[in-house]
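Visitor: Here's my sequence, what's the structure:
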Amino acid sequence: MNIYIKLKSVGKRRPVLDNVPYALPDGITALRQLIEAIVRQEVDAFNSRGLENMLVPFLTESEIAEQSTVGKVGFGRLYSEKKADPDEAVEAAVQGFEDGLFRVLINDKEAVDLDAAIEIFENDKLTFVRLTFLAGRLW
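Guide: Numbering: from 1, shown residues only. Below is the predicted model of the structure:
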């Protein structure tokens with residue numbers, strides 16, 4: 001099933017990522033399963049990237065322009081051979097949701113319960129909103 005994902009951060013006007021096409025497995029019926037599926041795919045993608053051994057790293061103008069639309073320009077290099085643990089990543093993501101570090105919107109409707117039934121259809125738009133804490137003193 002193909003959907004679109006947008007990442008936003010409170011306090012920023014522009015989204016970090018805007019409507020990126022994303023493929024999900026079929027059979028997702030709860031928010032917990034949705035988060036787990038996305039996290040596992042992202043961990044797999046992260047772990048499959050290899051260490052690059054470029055002597056002189058550089059970016060072409062087109063690579064810079066393409067990466068700047070996403071909001072981060074970098075060489076995409078990994079400096080460690082350590083792989084991410086998918087189970088730990090899922091646990092951290094679910095804990096982050098439970099702690100209120102991010103919200104999930106499905107077609108502009110907030111999903112609030114990890115185990116409540118959800119329906120996701122082809123070409124739906126998911127938005128992940130990262131919440132930030134205000135800095136300051138309590139007194």
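
Visitor: count of residues packed around Ile35?
Guide: For Ile35, the neighbour count with other CB atoms under 10 Å is 21. Quick note: C-beta positions are derived from backbone N, CA and C, even for glycine.

Visitor: Tell me which helix or strand it sits in.
Guide: Using DSSP states H and E, Ile35 falls within helix 31-48.

Visitor: all strands of the chain, in order?
Guide: For the chain, the strands defined by DSSP state E occupy 2-9, 17-23, 102-106, 109-111, 125-130.

Visitor: Take the ones you listed and lay them out in TSV including mean pLDDT and distance to Ala37.
Guide: Formatted as TSV, the strands of the chain follow (pLDDT from 0 to 100; distance: least, CB to CB, whole Å):
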stretch	mean pLDDT	distance to Ala37
strand 2-9	84	11
strand 17-23	82	10
strand 102-106	94	12
strand 109-111	95	14
strand 125-130	91	11
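
Visitor: Looking at these, spot the one closest to Val43.
Guide: Val43 sits nearest to strand 17-23 of all the strands of the chain, at 14.5 Å, using CB to CB.

Visitor: Ok, which of the strands of the chain comes nearest Leu31?
Guide: Ranking those by proximity to Leu31 (CB to CB) places strand 109-111 first, at 4.7 Å.

Visitor: where in this structure is pLDDT low?
Guide: Within the chain, the segments meeting pLDDT under 70 span 10-17, 50-58, 70, 75-80, 133-139.

Visitor: Find the residue at the geometric middle of it.
Guide: Leu7 (6.6 Å; CA atoms, centre = their mean).

Visitor: and Gln95, what does it touch?
Guide: Applying CB atoms under 8 Å, 6 or more residues apart in numbering to Gln95 gives no contacts.

Visitor: Counting neighbours, which bits of stretch 92-107 end up buried?
Guide: 93-94, 97, 102-104, 106 (16 or more other CB atoms under 10 Å).
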